[in-house]
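Participant: Below are the sequence and a predicted model for it; my questions follow.
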Amino acid sequence: MQKLIYTLSTFLFLFLYACTNTPAEKELSADEKRIQDSVSRLEQKLTVDSLKKKNPLLIMPPDSIYTGDYTDKYPTGITKFKGFFRFGKRHGQWMSFYPSGLAWSEMHYDKGLRQGPNITYFENGKVRYNGFYKLDKQDSVWCYYDTLGKLAEKVLFKNDRIIKKLPLQ
């Protein structure tokens, strides 16, 4: 009988304990939400800055939903990169520059994917190579030049694969 009472009381205790309401998480006030968002953005900025120290050519938006113009500069104040982010992804024309201020490359993006013409330059201003991207893959004839601007090679790409090398004309 004692075992039965002990078992029933234990069961009743466990049942009541399991059925008790746990306090719901406290609803944050507008100020608390703003502070939490500021801390999150600060953490994102610190992460971006840390990654940029490891790779100075890395381009990352201030946050994952950023929309607007982007400019990064060398310590001398000369523009390194400039372009536009749309919802945290590169969109439209992007330019990069050598430390001297001369153009390094011109690339076009559509919602984060390379799309359209790509031109890259030597530091002397002559074209290094040019071609087109389609959905982030090399697609079309790509022309490669020497430092004097003379055509050195022509290659036909389709879906990021070399189809054939074309004769120079």
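Facilitator: Right, received. Where do you want to start?
Participant: hmm, who's touching stretch 159-169?
Facilitator: Applying C-beta atoms under 8 Å, 6 or more residues apart in numbering, the external contacts of stretch 159-169 come out as 137-139, 141, 151-157. Placement of C-beta: from N, CA and C, glycine included.
Participant: Could you do stretch 80-97 as well?
Facilitator: For stretch 80-97, contacts defined as C-beta under 8 Å, 6+ apart pick out 59, 61, 63-74, 78-79, 99, 103-112.
Participant: related to what we said a few turns ago, now intersect the contacts of stretch 159-169 with the helices, please.
Facilitator: The members of the contacts of stretch 159-169 all map outside helices under DSSP state H.
Participant: Need those residues in TSV (columns: neighbour count, pLDDT and distance to residue 121).
Facilitator: Formatted as TSV, the contacts of stretch 159-169 follow (neighbours: other C-beta atoms under 10 Å; pLDDT from 0 to 100; distance: C-beta to C-beta, whole Å):
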residue	neighbour count	pLDDT	distance to residue 121
137	15	94	22
138	19	95	18
139	18	94	21
141	13	95	18
151	12	95	15
152	14	94	15
153	13	95	17
154	16	95	18
155	17	95	19
156	16	95	22
157	19	95	20
